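Q: here's my sequence, what's the structure:
(one chain, ligands or ions: 2)
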Amino acid sequence: MSMERDLFITEVALRDGSHAIAHQFTVEQVTRVARALGEAHVPYIEVSHGDGLGGSSLQYGLSRTNEMELIEAAVSVSGESKVAVLVLPGIGTVRELKEAAKLGVKMARIATHVTEADVSAQHIQTARELGLETVGFLMMAHMAPVEKLVEQAALMESCGAETVYIVDSAGALLPHQVRERVRALRQRLRVHVGFHGHNNLSLAMANTLAAIEEGATRIDGSMRCLGAGAGNTQTEVLVAVLEKLGIKTGIDVYKLMDAAEEIVAPILAAPQEITRDSLVLGYAGVYSSFLLHARRAAQTFSLDSRDILMEVGRRKVVGGQEDMIVDIAAELARQKTGAAVNQEERYG
Ligand SMILES: C[C@H](O)CC(=O)C(=O)O
Ligand SMILES: [Mn+2]
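A: Ligands and ions are numbered 1, 2, ... in the order given. Model prediction:
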C-alpha cells in the first residue's frame, strides 16, 4: 500500500479515550494499541492523561498508571509512528514536557481555551527548542467568534506553533461553522490547520469532512470513538471514507479495523454511543470530558445529569473548572429540596 499522505491523522484514543475510562489505562493496553497503530502506519499516536501531561489529580481524575510509563511503553512499540503528548499549560509543566521528550516523544500539542492562547507561549517555545513538532490546540472553539479564533491562532503561530487546531471540545459545532472557521484560519495563517471533533451531535464525521474540504490537513480521530463524551471522529471509519474519496492517509485500513475491533473494543465497558447526557454536551456546548464528572455528581446529589450539564453550559464553565460541576450540583440539589419543602408547607 502507498505510504503517500494527503493529510496526517493523529489517533487520540490513548489520550482523549482516557476520559472515557476514568484514566484507567494499563501498560498492557497501551502497548497493544500503540503496536497495532504502528503496524497500521498511523502517523501520530497521542498518549497521556486525558487532560494532558500532569493531569492525574483529584480535580481531573487520578491515573491508574503513571503516564510516563504509558508513554515509554508506546514509544517502544510504535515503530515508524510518532508518539505525541498533549499539554495544558497550568496543568502540565515544562519539566514534564522535557521528561516526555527524553522518552522519545516527537510531537507536543499545547492546548488552551480558545481565548487564552497567550498562556501557551512558553510551552510552545520549549517544545520547539526540544526539537518537537509543535501544535497549538484551541479548545472549546464554539465559544469564540471566528475573528477571535483567528487572532488566537495567529498568536500561537507567532509563538512558533507549526500547526493550529480548531478543537470542537463540546462537539457543539455545526458543519457550516467548522467550514467558516477552517476557511478563516487558512486565509490568515501560514502554518497547517487541524481539526479535532467530538460526536455528541453525531456530527464528528460531517464536521471532519467539512474541515478537510476547506483545507485542514491535520486531523484527529479515535478508534471505536474512544474519547470523551460520545467520543471523537471514528478513525477506522474516517480512513475508509477518505480512501473512498481518493484522499491518501497512508494508513492500512484493514489493520486499523482489526485493531479497533480486537484491541480497543474490549477496553470499553460499553460501546460508545450518543446517550441522552452526551447529547446534552453538544446541545448545551459543554466540555466533553465533563461527562463522567457530571454523572458522578448526579448520583451523589440524586439529580439528572442533564440538568447539571445544562446549567454548566448556561454558566459557560470551561476546562479546568471541573470543581464547579459539584458546586452546581449541590446548588441544584438545595433548590430541589427547598422547592419540595415549600410544596410540603403549602399543601401538607
Ligand atoms: C483536555 C481536553 O480533553 C482536550 C481535548 O481533547 C478537547 O478539548 O477536546
Ligand atoms: Mn477531545
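Q: I figured residue 97 hits residue 108, correct?
A: Yes - counting by CB atoms under 8 Å, residue 97 touches residue 108, with 6.1 Å between them. The C-beta positions use only the backbone N, C-alpha and C, and glycine is treated the same way.
Q: tabulate the CA atom coordinates of stretch 171-179 in CSV.
A: What follows is stretch 171-179 as a C-alpha-only set of coordinates in CSV (Å, rounded to 0.1, in the frame of the first residue of the first chain):
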residue,chain,number,x,y,z
GLY,A,171,-19.0,18.6,19.9
ALA,A,172,-21.2,21.6,19.5
LEU,A,173,-20.1,23.0,16.1
LEU,A,174,-22.2,22.5,13.0
PRO,A,175,-20.6,21.8,9.6
HIS,A,176,-21.0,25.3,8.3
GLN,A,177,-19.4,26.7,11.4
VAL,A,178,-16.5,24.4,11.0
ARG,A,179,-16.2,25.4,7.4
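Q: ligand 1 versus residue 321, what's the distance?
A: In this structure, residue 321 and ligand 1 are 12 Å apart, going by CB to the nearest ligand atom, to the nearest Å.
Q: how about the residues of the stretch 1-150 of the chain near ligand 1?
A: 16, 50-52, 88, 111, 139 (CB under 6 Å from any ligand atom).
Q: again, 5 Å this time
A: 16, 51, 139 (CB under 5 Å from any ligand atom).
Q: verify the stated contact: the last one with residue 289.
A: No - here residue 139 does not reach residue 289: they are 10.0 Å apart, not a contact under CB under 8 Å.
Q: quick check: bridge partners of the closest residue to ligand 1 within the stretch 1-150 of the chain?
A: Closest approach between the stretch 1-150 of the chain and ligand 1, counting by CB to the nearest ligand atom: residue 139, at 3.8 Å. Residues in a beta bridge with residue 139, per DSSP bridges, are residue 113.
Q: and the spatially closest residue to residue 250 that is not a sequence neighbour, what does it touch?
A: Computed as CB to CB, 6 or more residues apart in numbering, the closest residue to residue 250 that is not its neighbour in sequence is residue 5, at 4.1 Å. Applying CB atoms under 8 Å, 6 or more residues apart in numbering to residue 5 gives the contacts 43, 248-250.
Q: and what about residue 5, helix, strand or coil?
A: With DSSP: H, G, I helix; E, B strand; the rest coil as the basis, residue 5 sits in coil.
Q: for the closest residue to residue 323 other than its chain neighbours, helix, strand, or coil?
A: Distance criterion CB to CB, 6+ apart; nearest residue to residue 323, sequence neighbours excluded, is residue 59 at 6.3 Å. Put simply, residue 59 is coil when judged by three-state DSSP.
Q: residue 59: neighbour count?
A: A count of nearby residues for residue 59, using other CB atoms under 10 Å, gives 14.
Q: I'd say it and residue 322 touch.
A: Yes - taking CB under 8 Å as the definition, residue 59 is a contact partner of residue 322 at 5.5 Å.
Q: the residue of the chain found nearest ligand 1: which element?
A: Residue nearest to ligand 1 within the chain (CB to the nearest ligand atom): residue 169, separated by 3.1 Å. Assigned by DSSP states H and E, residue 169 belongs to neither a helix nor a strand.
Q: return the residues of the stretch 151-300 of the chain in contact with ligand 1.
A: 167, 169, 289.
Q: can you do 8 Å?
A: By CB under 8 Å from any ligand atom, the residues of the stretch 151-300 of the chain that approach ligand 1 are 167-170, 196, 198, 220, 227-228, 232, 287-289.
Q: tabulate these (CSV), appending neighbour count, pLDDT and secondary structure.
A: Below are these laid out as CSV (neighbours: other CB atoms under 10 Å; pLDDT from 0 to 100; DSSP: H, G, I helix; E, B strand; the rest coil):
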residue, neighbour count, pLDDT, secondary structure
167, 25, 99, strand
168, 34, 98, coil
169, 32, 98, coil
170, 29, 98, coil
196, 31, 99, strand
198, 32, 98, strand
220, 29, 99, strand
227, 32, 98, coil
228, 29, 98, coil
232, 32, 98, strand
287, 30, 98, coil
288, 28, 98, helix
289, 25, 98, helix
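Q: and of the residues you listed, the nearest to residue 39?
A: residue 220 (20.0 Å; CB to CB).
Q: per the record, what domains does this structure have?
A: For the chain, automatic domain parsing gives the domain ranges 8-267, 289-347.
Q: which one of those domains has the lowest average pLDDT?
A: Comparing mean pLDDT across those, the weakest is domain 289-347, with a mean of 93.
Q: backbone phi and psi for residue 219, please?
A: phi -130, psi 140 (degrees, to the nearest 10).
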